[in-house]
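Undergrad: Just a sequence and a predicted model for now, questions to come.
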Amino acid sequence: MTNHVEVPMADGPHISLEALPKPCLDKYCGWLMRNLLLTLTIVGVILGSLFGSLLRLLPPLDSDLIMLISFPGDILMRMLKMLILPLVISSLISGLAGLDAKSSGRMGTRAMVYYMSTTVVAAILGVILVLSIHPGNPKLKKSPTVTTRNEEVSSLDAFLDLIRNLFPENLVQACFQQIQTVTTKIPVPPVVVRKENVSQIVHASGSVLNTTITEVNVGPSTVTQKQLEFKAGMNVLGLIGFFIAFGICMGKMGEQAKPMADFFNILNEIIMKLVSMIMWYSPFGIASLICGKIAGIKDLEMVARQLGMYMVTVIVGLVIHGAMVLPLIFFVITRQNPFLFYAGIFQAWITALGTASSAGTLPVTFRCLEENLKIDKRVTRFVLPIGATINMDGTALYEAVAAIFIAQMNSIHLDGGQIATVSLTATLASVGAASIPSAGLVTMLLILTAVGLPTQDISLLIAVDWLLDRMRTSINVVGDSFGAGIVHFLSQKELALIDGRGEELEIDPTTLKLQALANHQEGSIGSGYTVLPSQDEEELPEKMDAASQYSEKDEEEPDEEEEEKKKEEE
């Protein structure tokens, strides 16, 4: 309603003037205050990039100074990783305990179909872009590079390690170690095949010369030997597999498992409150991480000159996948505005951009989806931990581009079968990649070995991996969030049915009957009566149609009760 101000005039009528509107500055300041944490995070990213660029203008910084600059960011990463294990455990168990086996199976199937489909699309998009732009240049091989150890990685070993980690032999050990097949080369000594003594008479002197003839089979100098070793790092896949089974079994136990479910619900709420406290420190930590990374680059101009087109190819692919493909899939399925969804998860996206860890961003993603977008906690707690482990759209695109880029750099022509192998292997390798920083470089060995490309050229990509790792991690988090939104939309009927069953089991106070006790005393209102559920209520049917029948019976019951009261008074 428009406010008016009446100004009295000395010799004339009153004149009505409209009040001046509020300044736009107040409106924007109000938005900034309501979204203070998001505003501070964006400011931290900008200031970190600015100060990092300014530090590059100074003489080369000492490694200790760079470490001190990055130290606050290191503390942030440690705090976020500290919460991963209790958050994954509590979220999975509390989410699955509120679902029945059928509903959780359907939600899991939908999530897996979405995750695998988007990962395949991302890998194919990366292949199309790298073949179209052709960033690889053989002249890059002439530049001096840092050599790395040429590790041999077998596709079969990587697949078997994935299955082994899914079933950990020690649950406590899985919290800080995971198993891996390690290939070592053992030197083999030469083998003596034949050895005999020969006597020879020297004619000049008549003496006898004894000699020994030895026949040696040289053979291979080394033998490859495989063995299983434990490497440092949380076995997230094994923990998720165990606690999914734990939550499903606990959900089948019903009321008997309610104390355990309440415990994990409370634990999840405590972890989320800790996340809220840590997030107020995140702007400073993210600024520190970005500033330290930019200041620590050795030769930025040479890196940009060598790998500029490679970076452009990866970034363009990530932007297309994150800004076009994923929103289009979300809109086609849900018919909702995907950019409003983006606004709700912007805090998680900017955090992933700063920390380069989808698992470390998991607490923030929970908070954005549940508080900003109001997605059911049973969906987020079940879908997000799985997505943070196996949904790596950005990693699949990055690895497909990097593999073909290395082939182009070595002037190696890949046929259709090899390109298809790159796409398939990039998809599978991204699923097995741990949700930790720079895991894509580790799984890159698997793709290069599968196609027969030189693995030592990975050293070229390390110089720009700090930036691309943040970009692809942010797309991974966006894909996880869109997946949770799609699964929530498709699972609304199952969730409503579960909520409806819970309401049916509650006792309706309008259907309670008053039954007289033998020792009741007159003179007090309601004395001598106890409230008991009617016989019809004890046999409540599971179908919702029976509610109307109970309402009709309840309308007839008051007449019978009045007659009983009259008889007792007489």
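TA: Here it is on my side, so go on. Quick caveat: nothing in here was measured; it's all calculated off a predicted structure.

Undergrad: if I pick residue 297, what's in contact with it?
TA: The contact partners of residue 297, by C-beta atoms under 8 Å, 6 or more residues apart in numbering, come to 56, 303, 463, 466. Any C-beta I mention is one placed from the backbone N, CA and C, and that applies to glycine too.

Undergrad: doesn't residue 296 make contact with the first one?
TA: Pointing back at residue 56 there. No: at 9.5 Å, residue 56 does not count as touching residue 296 under the criterion of C-beta atoms under 8 Å.

Undergrad: Which one's more surrounded, these two?
TA: A count of neighbours by other C-beta atoms under 10 Å puts residue 296 above the other of residue 56 and residue 296, at 19 against 14.

Undergrad: Which of the contacts of residue 297 scores worst on pLDDT?
TA: In this model, the minimum pLDDT among those belongs to residue 303 (71).

Undergrad: what's the neighbour count on that one?
TA: 16.

Undergrad: what does residue 253 give?
TA: 12.

Undergrad: quick one, phi psi at residue 415?
TA: phi -80, psi -180 (degrees, to the nearest 10).

Undergrad: Buried residues in stretch 454-474, which are they?
TA: Neighbour-count burial for stretch 454-474 flags 455-458, 460-461, 463-474 (criterion: 16 or more other C-beta atoms under 10 Å).

Undergrad: and residue 42, what does it touch?
TA: By C-beta under 8 Å, 6+ apart, residue 42 lies in contact with residue 350.

Undergrad: From residue 460, how far out is it?
TA: Shown here: residue 42 relative to residue 460, a distance of 32 Å by C-beta to C-beta, to the nearest Å.

Undergrad: Contact partners for the residue nearest the centre of the chain?
TA: Centroid check for the chain by C-alpha atoms, centre = their mean gives residue 388 as the closest residue, at 1.6 Å. Applying C-beta under 8 Å, 6+ apart to residue 388 gives the contacts 236, 358-359, 362, 365, 435, 476, 480.

Undergrad: Would you mind giving the domain segments of the chain?
TA: Domain ranges of the chain: 32-150+242-499, 184-226, per automatic domain parsing.

Undergrad: picking that back up, looking at the contacts of residue 388, which are in helices?
TA: Per DSSP state H, helices hold the following members of those: 236, 362, 365, 476, 480.

Undergrad: now, the most widely separated pair of those residues?
TA: The span of the ones in helices among the contacts of residue 388, defined through C-beta to C-beta, is set by 236 and 365 at 14.8 Å.

Undergrad: can you give me the strands for the protein?
TA: Counting by DSSP state E, the chain has strands at residues 4-7, 15-18, 177-187, 191-201, 208-217, 222-232, 512-516, 529-533.

Undergrad: what about the second one, average pLDDT?
TA: What it means is strand 15-18. The average pLDDT within strand 15-18 is 46.

Undergrad: One more: stretch 244-263?
TA: pLDDT averaged over stretch 244-263 gives 85.

Undergrad: roughly how far is it from the heart of the chain?
TA: Centroid separation for stretch 244-263 versus its chain: 24 Å, with C-alpha atoms, centre = their mean, to the nearest Å.

Undergrad: List the buried residues for it?
TA: For stretch 244-263, using 16+ other C-beta under 10 Å, the buried residues are 244, 246-248, 250-251, 257, 261.

Undergrad: how long is it from one end to the other?
TA: Counting by C-alpha to C-alpha, to the nearest Å, you get 17 Å between the two ends of stretch 244-263.

Undergrad: So, low pLDDT: which residues of the stretch 351-500 of the chain?
TA: Residue ranges of the stretch 351-500 of the chain with pLDDT under 70: 432-442.

Undergrad: where do the helices sit along it?
TA: 362-367, 377-390, 393-409, 416-432, 439-451, 458-490, 492-505 (DSSP state H, counting those that start in this stretch).

Undergrad: Of those helices, flag the one that's most buried.
TA: Comparing those by mean neighbour count (mean count of other C-beta atoms under 10 Å), helix 393-409 ranks first with a mean of 28.

Undergrad: Helix 458-490 and that one, what's the angle between them?
TA: Relative orientation of helix 393-409 and helix 458-490, computed by axes from the mean of the first three to the mean of the last three C-alpha atoms, to 10 degrees: 150 degrees.

Undergrad: packing partners for helix 393-409?
TA: Applying 3 or more C-beta pairs under 8 Å, 6 or more residues apart in numbering; DSSP states H and E, we find helix 393-409 packed against helix 101-133, helix 300-320, helix 416-432, helix 439-451, helix 458-490.

Undergrad: export those to a markdown table and tack on distance to residue 291?
TA: Shown next, in a markdown table, are these (distance: least, C-beta to C-beta, whole Å):
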| stretch | distance to residue 291 |
| --- | --- |
| helix 101-133 | 30 |
| helix 300-320 | 14 |
| helix 416-432 | 29 |
| helix 439-451 | 23 |
| helix 458-490 | 12 |
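
Undergrad: Report how many residues lie close to residue 282.
TA: Residue 282, neighbours per other C-beta under 10 Å, totals 25.

Undergrad: Quick check: the gap between residue 406 and residue 368.
TA: Applying C-beta to C-beta, the value for residue 406 to residue 368 is 37 Å.

Undergrad: Please list the residues outside stretch 92-109 that contact it.
TA: Taking contacts as C-beta under 8 Å, 6+ apart, the residues outside stretch 92-109 that touch it are 240, 243-244, 246-248, 250-252, 257, 260-261, 264-265, 267-268, 377-383, 385-386, 487, 491, 494-495, 497-498.

Undergrad: now the buried residues of stretch 244-263 in JSON lines, with distance to residue 275?
TA: Shown next, in JSON lines, are the buried residues of stretch 244-263 (distance: C-beta to C-beta, whole Å):
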{"residue": "244", "distance to residue 275": "22"}
{"residue": "246", "distance to residue 275": "23"}
{"residue": "247", "distance to residue 275": "21"}
{"residue": "248", "distance to residue 275": "26"}
{"residue": "250", "distance to residue 275": "24"}
{"residue": "251", "distance to residue 275": "25"}
{"residue": "257", "distance to residue 275": "26"}
{"residue": "261", "distance to residue 275": "21"}
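
Undergrad: Tell me the one of the residues you listed nearest residue 313?
TA: Nearest to residue 313 out of these is residue 244 (C-beta to C-beta; 37.0 Å).

Undergrad: For the closest one, list the residues it contacts.
TA: Neighbours of residue 244 in contact, by C-beta under 8 Å, 6+ apart: 92, 96.

Undergrad: ok, so what distance separates it from residue 97?
TA: In terms of C-beta to C-beta, residue 244 sits 11 Å off from residue 97.

Undergrad: Contact partners for the closest residue to residue 284 other than its chain neighbours?
TA: Nearest residue to residue 284, sequence neighbours excluded (C-beta to C-beta, 6 or more residues apart in numbering): residue 72, at 5.7 Å. Residues near residue 72 by C-beta under 8 Å, 6+ apart: 284-285, 288.

Undergrad: Out of the residues you listed, the closest to residue 118 would be?
TA: Closest to residue 118, out of all of the contacts of residue 72 and judged by C-beta to C-beta, is residue 285, at 29.7 Å.
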